[in-house]
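Novice: Please find the sequence and the predicted model below.
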Amino acid sequence: MQNKGLVKLFALLFGLVSIYQLSFTFKTNQIEKEAKIYAESKFQDSEAISEAEVRYLDSLSNQEVFDIGVANFTFKEVKEKSMNLGLDLKGGLNVILEISVKDILSGLANKTKDPAFNKALADAEELQKDAQESYLESFYQAWDAIKGDQKLASPDIFANRSLDDVININMSDDEVKAKIEEKVDESIVSAFEVLRKRIDQFGVTSPNIQRLGNTGRVLVELPGVKDVKRATELITTTAQLQFWDVENPQNLGSFFSEANTVLKAKLGINEEKEEAIKAQDSTVADLEDTTVDDLLGETSTDSILPTLVNPLTDLIAPVRSNGLFAIKLEDKDKMESYLSMPEVLANLPADARYTKFAFGLPTLDPESELETVDVYALKGNRDSEPELGGAVITDARQSYSVTNQPSVTMQMNTKGAKAWEEITGRAFTNKSQIAIVLDDIVYSAPTASSGAISGGNTEISGSFSVNEAVDLANVLRAGKLPASADIVQADQVGPSLGKEAIESGTKSFLIALSLVLLWMIMYYGKAGIFADIALMLNILLIFGVLSGLGAVLTLPGLAGIVLTIGMSVDANVLIFERIREEIGKGKGMKEAVKDGFANALSSILDANITTGLTALILFVFGTGPIKGFATTLLIGIVTSLFTAIFITRLLVDWYVNKGKNLDFSTSITKGLFKNINIKFIAKRKVAYVVSSILILVSLISLFTNKLDQGIDFVGGRTYQVRFDKAVSSEDVSKDLSVVFGSAEVKTIGSANQLKISTKYKVNENSAEADEEIQTMLFNGLKSYLPADISYTEFSEATNGVGKVLSSKVSPTIADDIKKESFWAVLGSLVVVFLYILFRFKRWQFSTGAVIAVFHDVIIVLGIFSLLYKFMPFSMEIDQAFIAAILTVIGYSLNDTVVVFDRIREVIAERAGFKGGSNINSAINSTLSRTLNTSLTTLVVLLAMFTFGADSLRGLLFALIVGVVVGTYSSVFIATPIMYDTLNDKGEAPKEEE
């Protein structure tokens, strides 16, 4: 081998850099362990322990904690350089947000009332339910269908004052569409930047936020976040801050009594019904004597008695209010619907006809113990726009009010300060209030009791906790989202599940590694030790590269590393088998080693390139953990090539050059597979029959039994719930079907753990819908949970009982995942077909390889279709399964290419195929390598399957089946089909005939 010195230097530097990168991970783990020990020594409560850990680590943030001799690092720097763990290993939140393009379009059109435009927006939403294109394309399609003679460049639509420098009334629709696409993209970029700023200020370690292509979707990963509800609100809150003048109650005159009369007529409450109701309750006061002045004035709240006959005024709660009046929280939706009816609003006085009603934050009245919300009347205008908006805010900080309650202070720009001075001056003169409204909720409505406020400083106070005030200040400082952001896909993993995943992943990793190391020594003797040294260096390099690149290590990523261990042995097996062949030909040791490495190189490169191509496609089309799987696989392929080709060669040459002998076998394996002469081509028809039966059974099952499609492909919500005792999935399924209409319940792993899926409100992506469904789940499972468990404890899986994992996928995302999965599989087949055609120069080789891959995929799908109802682990078809299918494709091709490479070599040496005789010879010569590699990979996968996490068992089962089927197909399907499609097969030797 040339340039041995350079290889040694490179290996040394590569190894040292990897150790350097990993040292930060070890130091971080050490410090975090010390923090945990310290917190547990001080507190007993889990929440207090968690807070103490955070305080301990915060105190070290800027202190130097790591000295490597030539440099010192603070804990913050050490943490930033340590390896990032994914959600499934650390717990946390992973969401895909979809910025509402509908909101952006509405905003660009100045919230126009144009009926055609608004109908096109609504129609586009309907089209999106089954469409693959973007919302903007659906809107254009809907608009073109109904526009008639109207143009997008109408003054009522996009040719408005705010876009007058971009769009004019002479533009065609196509010209306007181009401009609008630019504006929409700008808004999405703006939303992305707002989200990034908010997340940076949230304080999560190693957050990840990235825009997904040119779509309106944004991926947000928050590993280690514990308060999921707080994090969700932070990233979905639009932060639409507004300042409104509050209408004086006296200005509304008799509006409420007249509105009440209108509602009574609308709801069919006539005098007879009213008298009947009064007769049933003799304690009801004479409601006709209760005037609006009594309700809105300064009379005692005791005089406002609960009644049953006035739809609007009966909802007023007997508590003090900072607004017009207060109502029970449970009556908010009803009151909101009443105050939005056109026939009710028609009774507003002429000078208050644009009044806008709003609601405050829920509060608990200490005297009545009622949870109520205040109702406010805001002074509106024709455009329903506030006099001052949140765009004028330049800074916001969490502070404390004069009553020592958490609040938020804000600083405005010059324009805002001037407007604020006018507004507060007017409020002082009129003795009125100013409502501070955030996302349509009135947070506070102070009076300007000391006169106009100059300088642009103001304060928002309310029933805040410190965290709420901090988050509010953060979102105001970062800016408002230009449109609402809905969570269309989400994965939440509890910290307890993450801890278990690390433990099980580490255990399976060490077991798999030990088995491979022992196998190589047992099979190849001293040469196996050299292969093991190269393998250990390979693992060091994989982790070092992952850490250096700042890549995130996920559970599928760890599985990818374990799989790489099994597959990386393949290169050494190929080399050692070729060296054994050269020794068998009578060559000297040095010459045999040299020729063995040279002859194996072509097969090694071809096999790894085909696997690398499928991993690359997986990386391009995959997201989250699947991308992590592809990342580790790609890194593993590169490092495996380096260690097998160069490091193993260095070690073997060093040993041989010392004059010592290497047998590349042991007493058990010496001569194994040496004199095998199986007539594979002659037996191909038997293989065709066996495979045809397997494919037929698979297809019948796929069409009748179908597949267990996960929420990735159909949409819905999934929860993994752990109980304190064994539970029946059938009983839970019956109870939850009553709650949700339908629910699918499966036992996962142990009998006290269930996976629950539902499509209830599948098209609703709001945080409110998520919270509602989770609350319904908790209530539906109460009879199976400990009697004293609270909803919060259930949500956080306190003490290991409750929801340990949840996932959500909207139908739109599910459709996209299906499409991407299809193109990923198809793309991998096309790419590999072309590569094999390029390398082997015959289409027959490519055809045989691709048909074998189809054969493998159909059989794996068929086995999943046949067994998913019976296996004690999840066999759902999801993104992880698609990753497994692509890996099976890569592995099957790896095997096939090695066989084809030997066939190409043999037919070149022996002048043709000779009726299949040379093909048989080639397959027999690779049989040792084929079985050795397959067994090694199977041992690794079985170790991971047996000792690894429950969530990976479906993926690993697919890989196990794929390795078995792929090994079979490379010999009995790919090669025979290649042979049968040849025009010139040659003639077999007479003795073989």
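Specialist: Structure received.

Novice: so Gly890 makes contact with Ala615?
Specialist: Yes. The pair Gly890 / Ala615 is scored as a contact, 6.4 Å apart, by C-beta atoms under 8 Å. Yep, even glycine has a C-beta here, placed from its N, CA and C like the rest.

Novice: Give the rounded mean pLDDT of stretch 882-902.
Specialist: Mean per-residue pLDDT for stretch 882-902: 80.

Novice: do the same with stretch 848-865
Specialist: What stretch 848-865 shows for mean pLDDT is 90.

Novice: Please name the residues that touch Thr936.
Specialist: 516, 519, 566, 569-570, 573 (C-beta atoms under 8 Å, 6 or more residues apart in numbering).

Novice: per-residue confidence for the residue lying closest to Phe794 once chain neighbours are set aside?
Specialist: Using C-beta to C-beta, 6 or more residues apart in numbering and skipping the chain neighbours, the partner closest in space to Phe794 is Gly802 (4.0 Å). With respect to pLDDT, Gly802 scores 85.

Novice: Quick check, Gly802 in contact with Arg722.
Specialist: Yes. The criterion here is C-beta under 8 Å, and Gly802 meets it with Arg722 at 6.7 Å.

Novice: higher neighbour count, the two?
Specialist: Comparing Gly802 with Arg722 by other C-beta atoms under 10 Å, the one with more neighbours is Gly802, at 26 against 22.

Novice: pLDDT value on Val289, please?
Specialist: You called it Val, but residue 289 is Asp. According to the model, Asp289 scores 42 on pLDDT.

Novice: Over to Leu563?
Specialist: At Leu563, pLDDT is 69.

Novice: try Ile977
Specialist: The model reports Ile977 with a pLDDT of 91.

Novice: and it, that one's in a helix?
Specialist: Yes. Applying DSSP: H, G, I helix; E, B strand; the rest coil, one finds Ile977 inside a helix.

Novice: Spit out the contact partners of it.
Specialist: By C-beta under 8 Å, 6+ apart, Ile977 lies in contact with 847-848, 851-852.

Novice: Who does Leu97 form a beta bridge with?
Specialist: Applying DSSP bridges to Leu97 gives these bridge partners: Val218, Ile487.

Novice: Can you get me a residue count around it?
Specialist: For Leu97, using other C-beta under 10 Å, the count is 26.

Novice: Kindly report the same for Ala191.
Specialist: The number of residues near Ala191, taken as other C-beta under 10 Å, comes to 26.

Novice: and the gap between it and Thr747?
Specialist: 41 Å (C-beta to C-beta, to the nearest Å).

Novice: For the stretch 351-500 of the chain, just list every one of the strands.
Specialist: Taking DSSP state E, counting those that start in this stretch as the test, the strands found in the stretch 351-500 of the chain are 356-360, 363-364, 371-378, 388-389, 393-400, 406-412, 434-438, 441-444, 457-461, 485-493.

Novice: Can I get the ones you listed in TSV including mean pLDDT, mean neighbour count and distance to Asp67?
Specialist: Output for the strands of the stretch 351-500 of the chain, formatted as TSV (pLDDT from 0 to 100; neighbours: other C-beta atoms under 10 Å; distance: least, C-beta to C-beta, whole Å):
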stretch	mean pLDDT	mean neighbour count	distance to Asp67
strand 356-360	89	20	55
strand 363-364	82	15	53
strand 371-378	89	22	56
strand 388-389	82	18	52
strand 393-400	80	17	36
strand 406-412	82	22	40
strand 434-438	82	24	48
strand 441-444	82	20	49
strand 457-461	75	18	46
strand 485-493	75	23	35
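
Novice: In helices only, show me the contacts of Thr936.
Specialist: Counted as lying in helices by DSSP state H, out of the contacts of Thr936, are 516, 519, 566, 569-570, 573.

Novice: Any of those buried? List them.
Specialist: 516, 519, 566, 569-570, 573 (16 or more other C-beta atoms under 10 Å).

Novice: Out of those, which one has the weakest pLDDT?
Specialist: Model confidence across those bottoms out at Gly566, which has 69.

Novice: which residues of the stretch 1-150 of the chain score low on pLDDT?
Specialist: Applying pLDDT under 70 to the stretch 1-150 of the chain flags the ranges 1-2, 46-47, 129-132.

Novice: Let me see the ranges of the strands in it.
Specialist: Going by DSSP E, counting those that start in this stretch, the stretch 1-150 of the chain shows strands at 64-67, 72-74, 84-85, 92-99.

Novice: How about the stretch 601-750 of the chain?
Specialist: Along the stretch 601-750 of the chain, counting by DSSP E, counting those that start in this stretch, strands occupy 716-722, 744-747.

Novice: quick one, the helix or strand following the last one and strand 716-722 angle?
Specialist: So the one you mean is strand 744-747. Next helix or strand after strand 744-747 toward the C-terminus (DSSP states H and E): strand 753-758. Per axes from the mean of the first three to the mean of the last three C-alpha atoms, to 10 degrees, the angle that strand 753-758 makes with strand 716-722 is 160 degrees.

Novice: contacting residues for Pro155?
Specialist: When contacts are counted by C-beta under 8 Å, 6+ apart, Pro155 touches Ile169.

Novice: when you give positions from now on, start the count at 13
Specialist: Noted, 13 is the first residue going forward, which turns the last one into Pro167.

Novice: Just to check, Lys997 is in contact with Gly928?
Specialist: Yes. The pair Lys997 and Gly928 qualifies as a contact (C-beta under 8 Å) at a distance of 6.7 Å.

Novice: Show me which of the two is the more surrounded one.
Specialist: Gly928 (22 against 15).

Novice: Spatially nearest residue to that one, not counting backbone neighbours?
Specialist: The spatially closest residue to Gly928, leaving aside those adjacent along the chain, is Ile693, at 3.4 Å (C-beta to C-beta, 6+ apart).

Novice: Sweet, I'm off.
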